[in-house]
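>>> After the sequence you'll find the predicted model.
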Protein chains: 2
Amino acid sequence: MPLSKIYEPIQQDLAKVEDMMKSVSQADLSWLPKQLAHDLRDSGKLAELLTYSLKGGGKRIRPALTLLSGKSYNYNLDCLLPMATAVEIMHTATLVHDDAIDNSSVRRGRPTINKVWDDDKAILLGDYLFAKAGELVSTTQNLQVIKLLSQTLMTITSGELAQSFDAFNLEQTRQHYLHRIISKTASLFSLATESGAILSQAPGKLVKALKEYGYNLGIAFQLVDDIMDFIGTEEKIGKPIGSDLAQGTLTLPAMLLLERYPENNPVKELFQNRDRQKNIKLAIELVRSSSIIQECYQFASDYCAKACRNLNLLPDNASRQSLINLADYVIERKR
Amino acid sequence: MPLSKIYEPIQQDLAKVEDMMKSVSQADLSWLPKQLAHDLRDSGKLAELLTYSLKGGGKRIRPALTLLSGKSYNYNLDCLLPMATAVEIMHTATLVHDDAIDNSSVRRGRPTINKVWDDDKAILLGDYLFAKAGELVSTTQNLQVIKLLSQTLMTITSGELAQSFDAFNLEQTRQHYLHRIISKTASLFSLATESGAILSQAPGKLVKALKEYGYNLGIAFQLVDDIMDFIGTEEKIGKPIGSDLAQGTLTLPAMLLLERYPENNPVKELFQNRDRQKNIKLAIELVRSSSIIQECYQFASDYCAKACRNLNLLPDNASRQSLINLADYVIERKR
């Protein structure tokens, strides 16, 4: 099912999220004295950076999750709108910093901020976006989601740090991998759904159910992302394939490959800094010609099934159906 | 007057800020499942990075400002403590990112995070610290200071972006410079004082007075910092002198030098990428042997005097006297 169909129950409000993103791009600094705000905007070219990074053509899954979760109880757009926008902006900020860290040139088929401008601008733009997310969430006046946003960013950066310290390290367990993707990806999905539930005043059980749904969906999402890095095409995934291996990031397909071929393994070779290009190519070919991809998809499907089971408590309405369909979409999206 | 004397009215509580910084260093991720939190801390070496960056031996002027401002009305340590800590942590985060951006090797006489580890760790550590500041402020449950924190970070990054885009640009006015230092430095001083006043439930007039005091003190502080980059020693300022010129940052002393010697100016030469080392040395010598430093100190003194006038409304107690003495300290600190 195409995303446009899945998004139907919240279509109009998702368009409002898009409008809010556009207004963020105008770099409002209205709390400052007029001339100061003008000078900063003018000389900083901030609006240009914001526009470039926020229009990016993402699938807007995270804000959609917030809005759909909000439909589980007393839908309150005044709070859900800034929350959903904040979640997407925080996501954008992490991508901007990730691209600088990984020295990536292409994202979603377009040159990255660090490529068009430089790392310095990427660092500062990301910081601005984190702050903007914080400001937007403060307008909900809900202390619980305000704190959650900060904690989620701490979780994400802890996961990214773990990944950075573990780069080119072969001694990693599946649990390490799972914990890494929970913290760097699933935690934000979970923030999206949990905050939607909290802001619609849903009872604790529903909040918990939607939080768990977000976690499980996020794990599945990242598993599929990591699969795509082996079986996708640059055109489809918007960046070169094999990027994870090139960064020294051990994902599940690479782990399974290491388990199957403990000797003369191209992942081992390339992590030990031997003939990187050749070994990345070799690893991709080996994974593709094995049943590893099948196995990884099975993991992803299991998490999606779990996610759907988390929805049993929810009222049976169109939005719940969309959340179920979204779980299917995550598995099918690029297969 | 030494800082220890100035800090007397808040000495014990400033020690509690230090304790809170230490507990932040332990990388509490207690909202996560236990095993996940353990794995992230363990593999991410987060605590090590936090400890290194937070013990750094700063003068803790910003948290002191929050506590002293809180003494202007109903001193409420439960709120002031996390706020003061958050302000210092946000300050640390901006330094960590700045050092990565400027490729600096030394800060406060110690190797920088980007030097001991690398840029990637510096970016992620800074992000974690921003988030931690947000979490700490959320515990005050005061929506006004929560929003102020985010807006201040937006102001700071806008100023840093302006500085980054204006690097090696000779066409900058004094107003540009003033606006840059207001946004990158004075805004955080002002957050420190304003939030202290807000959290002590001070009436609007006092809040405004302390906010203005913070602005003016912050401007003076940065002016002196920019002077020190010309007349200091590496030992005193904890980093190489001439760093601003090396980064292409046009500060007031350099601007005045350009005004005085429009022809054959070493700043002009080095901004046009000619013989950088020689021209930095030449510029420093010229500034030192002129009355430019005197003139810059006059500007700084004027702002400090303004800051002190902002305090007229405050109750005449030991904390107000400390705020006055702090203004003197800012001018005298490294002269």
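Cool, got the structure.
>>> Give me the residues contacting the lowest-mean-pLDDT helix or strand in chain A.
Least confident helix or strand of chain A, by mean pLDDT, DSSP states H and E, is helix A:34-44 with a mean of 81. By C-beta atoms under 8 Å, 6 or more residues apart in numbering or on different chains, the residues outside helix A:34-44 that reach it are A:27, A:29-30, A:32, A:46-47, B:155, B:158-159, B:161-162, B:165-166, B:175-176, B:179, B:182-183. C-beta here means a position set from N, CA and C on the backbone, and glycine is covered the same way.
>>> now, which of those residues lie within helices?
Secondary structure from DSSP state H places A:46-47, B:155, B:158-159, B:161-162, B:165, B:175-176, B:179 of those in helices.
>>> on that earlier part again, quick check: buried residues in the least confident helix or strand of chain A?
A:36-37, A:39-41, A:43-44 (16 or more other C-beta atoms under 10 Å in any protein chain shown).
>>> between these, which is nearest B:Gln144?
For those, the closest approach to B:Gln144 (C-beta to C-beta) belongs to A:Ala37, at 19.8 Å.
>>> picking up where we left off before, now the buried members of the contacts of helix A:34-44.
Applying 16+ other C-beta under 10 Å to the contacts of helix A:34-44 flags A:27, A:29, A:32, A:46, B:155, B:158-159, B:161-162, B:165-166, B:176, B:179, B:182-183 as buried.
>>> Give the residue spans of chain A that score low on pLDDT.
Applying pLDDT under 70 to chain A picks out residues A:44, A:56, A:334-335.
>>> One more pass at 50, please.
Low-confidence segments of chain A (pLDDT under 50): A:335.
>>> distance from the centroid: which residue in it tops it?
Distance to the chain centre peaks in chain A at A:Gln35, reaching 37.0 Å (criterion: C-alpha atoms, centre = their mean).
>>> ok, now how distant is that one from A:Leu29?
11 Å (C-beta to C-beta, to the nearest Å).
>>> go on, A:Asp19?
For A:Asp19, the distance to A:Leu29 - C-beta to C-beta - is 19 Å.
>>> With A:Leu199 instead?
Where A:Leu29 is concerned, A:Leu199 sits at a distance of 27 Å (C-beta to C-beta).
>>> what residues does the stretch 1-150 of chain A put near chain B?
A:27, A:29, A:31-32, A:35-36, A:39-41, A:43-46, A:49, A:97, A:100-101, A:119-121, A:123-128, A:130-132, A:134-135, A:138-139, A:141, A:143, A:146-147, A:149-150 (C-beta under 8 Å from any C-beta of the partner chain).
>>> Got a quick ChimeraX command for the buried subset of those residues?
Those of these that count as buried under 16+ other C-beta under 10 Å are selected in ChimeraX with:
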select /A:27,29,32,36,39,40,41,43,44,45,46,49,97,100,101,119,120,121,123,124,125,126,127,128,130,131,132,134,135,138,139,143,146,147,149,150
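>>> Check the buried residues of helix A:34-44 against B:Leu210 and report the nearest one.
Nearest member of the buried residues of helix A:34-44 to B:Leu210, counting by C-beta to C-beta, is A:Leu36, at 19.3 Å.
>>> Can you measure across stretch A:228-246, start residue to end residue?
End-to-end distance for stretch A:228-246, by C-alpha to C-alpha, to the nearest Å: 14 Å.
>>> what does stretch A:307-327 give?
Note: stretch A:307-327 ends 7 Å apart using C-alpha to C-alpha.
>>> and that stretch with chain B, contact?
No. Using C-beta under 8 Å from any C-beta, stretch A:307-327 stays clear of chain B, with a minimum separation of 15.9 Å.
>>> all strands of the stretch 1-150 of chain A, in order?
Applying DSSP state E, counting those that start in this stretch to the stretch 1-150 of chain A gives strands spanning A:106-107, A:110-111.
>>> residues touching A:Leu256, list them.
Counting by C-beta under 8 Å, 6+ apart, A:Leu256 has contacts A:287, A:292, A:295-296.
>>> out of those residues, which are buried?
By 16+ other C-beta under 10 Å, the contacts of A:Leu256 give A:287, A:292, A:296 as buried.
>>> Put together CSV for those, with distance to chain B on each row.
Shown next, in CSV, are those (distance: C-beta to the nearest C-beta, whole Å):
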residue, distance to chain B
A:Val287, 24
A:Ile292, 24
A:Cys296, 21
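>>> For A:Asn312, the count of nearby residues, please.
If you count neighbours by other C-beta atoms under 10 Å in any protein chain shown, A:Asn312 ends up with 9.
>>> So what does the residue lying closest to it once chain neighbours are set aside look like in phi/psi?
In space, and not counting its chain neighbours, A:Asn312 is closest to A:Ala209: 7.7 Å by C-beta to C-beta, 6 or more residues apart in numbering or on different chains. Main-chain torsions, A:Ala209, degrees, to the nearest 10: phi -60, psi -40.
>>> Return the member of the buried ones among the contacts of helix A:34-44 nearest to B:Cys304.
B:Ile182 (15.2 Å).
>>> check contacts around the closest one.
Counting by C-beta under 8 Å, 6+ apart, B:Ile182 has contacts A:36, B:159, B:215, B:218-219.
>>> just A:Ser69 next, same as before
Per C-beta under 8 Å, 6+ apart, neighbours of A:Ser69: A:192-197, A:200, A:210, A:214, A:323.
>>> Out of these, list just those in helices.
Reading helices off these with DSSP H, I get A:192-197, A:210, A:214, A:323.
>>> now the residues you listed in TSV, with neighbour count?
Shown next, in TSV, are the ones in helices among the contacts of A:Ser69 (neighbours: other C-beta atoms under 10 Å in any protein chain shown):
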residue	neighbour count
A:Ala192	31
A:Thr193	30
A:Glu194	27
A:Ser195	33
A:Gly196	34
A:Ala197	27
A:Leu210	32
A:Gly214	29
A:Leu323	26
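>>> quick one: which two of those are the most distant?
A:Ser195 and A:Leu323 (14.8 Å).
>>> Which residue would you name as the spatial centre of chain A?
Centre-most residue of chain A, counting by C-alpha atoms, centre = their mean: A:Thr185, 5.2 Å.
>>> Would you agree it is in contact with A:Leu217?
No. Look at A:Thr185 against A:Leu217 with C-beta atoms under 8 Å: they stay out of range, at 9.9 Å.
>>> Quick check: chain neighbours aside, which residue is closest to A:Thr251?
Counting by C-beta to C-beta, 6+ apart, A:Asp226 is the residue found nearest to A:Thr251 once chain neighbours are left out, at 3.8 Å.
>>> ugh, typo on my part, it should be A:Glu295
A:Leu256 (6.3 Å).
>>> related to what we said a few turns ago, so which of the contacts of A:Leu256 are in helices?
A:287, A:292, A:295-296.
>>> Of those residues, just say which sits nearest to A:Ile231.
Nearest to A:Ile231 among the ones in helices among the contacts of A:Leu256, with distances taken as C-beta to C-beta, is A:Val287, at 7.8 Å.
>>> What separation do you get for that closest one and A:Glu295?
Counting by C-beta to C-beta, the gap from A:Val287 to A:Glu295 is 10 Å.
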